[in-house]
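next come a sequence and a model predicted from it.
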Amino acid sequence: MKKMSRRKFIPAAASAAAGAVLTMGNIRKTHAQAKRHSAENPGLPLPKKICPVIDCHLHSPSTSTGKLQQWYPVQTTTEDFVHYLNRCGVDYGVAASVRGVEGKEKNDFIQANRESLALAAQYPNRFIPACLVNGRFPQESVRELIEHRTKHGVFWVGELAGYMTDFTYDTPGFKKIMDTIAEYDMICHIHARTEQIEQLVRDYRQVTFILPHFTPVKKRIFSRIAFVKENKNVYLDISGVSFSRMGILEYAVKEIGADRVLFGSDYTVNDPASVIVRVLNAELPTEIKKHVLFHNAKELIAKYDKAKKFTPFLR
Ligand SMILES: [Zn+2]
C-alpha cells in the first residue's frame, strides 16, 4: 500500500468514514469531520498511567494573533490545546504563548506574556505561566521579568529561542536579562547549542538552567548529556525528537541521575503522548519514571514558587 503522510491521513480517514472522495475542495469539511472523529476516539491505549504528569515545555496557541507552530495545524484554539493534553494524560504544564516564542517584535513577547497569564487564570490548577523576553529589547525584557516576578509570582523564563526571535545570548543586552533572572531568582529555560550556553552556566551558577532537547545529532547528544552531568545547576528537558532514539533516555538518567531529567514535549509543536510512552516504556525502574514525569518538575516548581501561587495544586 502506498504510504500516506500523517497530514493526509487525518482528513482521509474522516473522508473515508463519510464515504467522500478526498479533494482539495472538501479538505476543510473533512478536517472538521476528523476533529469530531478524534473527539470521539480516545486514540491508542497508552501504557498504564503511573503518576500525575507535568509537561515543562508547552507552547499555547496565540489568542491575539491566532499564530500556531504546527507545521500543518490540527489544534488551533486554546480549547483544542487543552483537549489534546487531556487525551495525552498531561495533568499540568508550564506554558508560554507561541506569539512570543517566534514573534520578533517588542509587542510579541509582551503580549505573549499576558496571554500566558490569561491561560493560567482561565484554567486554574493547570498551567504555570512562563515569561518570555527578547535580547534585542533588554529594557522592556527586564521590565517584564520584574513585573511578572513581583506582581504575578511568575518564576519561569522561557523557553527562550533566540534563533527564532533574532537575538543571541552573548550580548550586553542579554547580560542585563540574565542579571535580572539571577537577582529575582527565576528559572532560565533556554534553547541553545551546548557551546552557546557553557559560559552562561559558568557565569550564573546561582541560576537553574533547563536545556530543552537532546539535540538531533548523535555526537551532540552525548556531549550535551556530559555537560548537564557536570553542571549541577542544569536540567535536561527531553522534548524534541531524539528522545525516541532507543537507549538515550536510559543513558541520560544513568549519567545525569534521575533528579535532573524532566519530561517536556514542546507541544503544540510536537506530540506529548509519544514522549510519555517512551518514558513509560523505558528500561528504568518505575520510581525513576515518576521522577521524570512528575516529581522533578514538582520539586523545582515548589522551590521557586515563593508566593505558593502555583504549588498548592502540585502537593
Ligand atoms: Zn519549544
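Yep, that arrived.

need the contact list for Val275.
Contact partners of Val275, counting by CB atoms under 8 Å, 6 or more residues apart in numbering, are 238-239, 243, 263-265. (Each C-beta comes from the backbone N, C-alpha and C, glycine too.)

and if we set it to 10 Å?
Neighbouring residues of Val275 by CB atoms under 10 Å, 6 or more residues apart in numbering: 53, 55, 57, 88, 90, 238-241, 243-244, 249, 263-267, 292-293.

for it, helix, strand, or coil?
helix (DSSP: H, G, I helix; E, B strand; the rest coil).

what does Leu236 give?
Leu236 ends up strand, using three-state DSSP.

give me the pLDDT for it.
Leu236 carries a pLDDT value of 98.

and stretch 147-157, what's buried?
148-149, 152-157 (16 or more other CB atoms under 10 Å).

among these, name the ones in helices.
Cross-referencing the buried residues of stretch 147-157 against helices under DSSP state H gives 148-149, 152.

not counting its neighbours along the chain, what's nearest the residue of the stretch 51-200 of the chain found nearest the ion?
In the stretch 51-200 of the chain, the residue that lies nearest the ion is Glu159 (4.5 Å; CB to the ion). Leaving aside its sequence neighbours, Glu159 sits nearest to His189 (CB to CB, 6 or more residues apart in numbering; 4.7 Å).

same deal with Thr208?
According to CB to CB, 6+ apart, the nearest residue to Thr208 is Ile187 (5.0 Å).

can you get me a residue count around the one you found?
22 (other CB atoms under 10 Å).

what does the pLDDT read for it?
pLDDT, Ile187: 98.

state the phi and psi torsions of it.
Dihedral pair for Ile187: phi -90, psi 140, per degrees, to the nearest 10.

check the gap between the nearest residue to Ser62 once chain neighbours are set aside and Asn107 for me.
Leaving aside its sequence neighbours, Ser62 sits nearest to Arg99 (CB to CB, 6+ apart; 3.8 Å). Distance from Arg99 to Asn107, counting by CB to CB, to the nearest Å: 9 Å.

what's the answer for Val133, then?
Distance from Val133 to Asn107, by CB to CB: 13 Å.

let me know the helix or strand that the most centrally placed residue in the chain is in.
In the chain, the centroid-proximal residue (CA atoms, centre = their mean) is His57; its distance is 1.5 Å. His57 belongs to strand 54-60 when elements are defined using DSSP states H and E.

for the helix or strand just after that strand, output the C-alpha coordinates as CSV.
Moving toward the C-terminus from strand 54-60, the next helix or strand (DSSP H and E) is helix 78-88. Output in CSV follows, covering the C-alpha atoms of helix 78-88 (Å, rounded to 0.1, in the frame of the first residue of the first chain):
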residue,chain,number,x,y,z
THR,A,78,-7.0,27.1,23.4
GLU,A,79,-9.8,24.6,23.8
ASP,A,80,-8.1,22.2,21.3
PHE,A,81,-4.8,22.7,23.1
VAL,A,82,-6.3,21.7,26.5
HIS,A,83,-8.4,18.9,25.0
TYR,A,84,-5.3,17.2,23.4
LEU,A,85,-3.3,17.5,26.6
ASN,A,86,-6.3,15.7,28.3
ARG,A,87,-6.2,13.0,25.7
CYS,A,88,-2.4,12.5,26.3
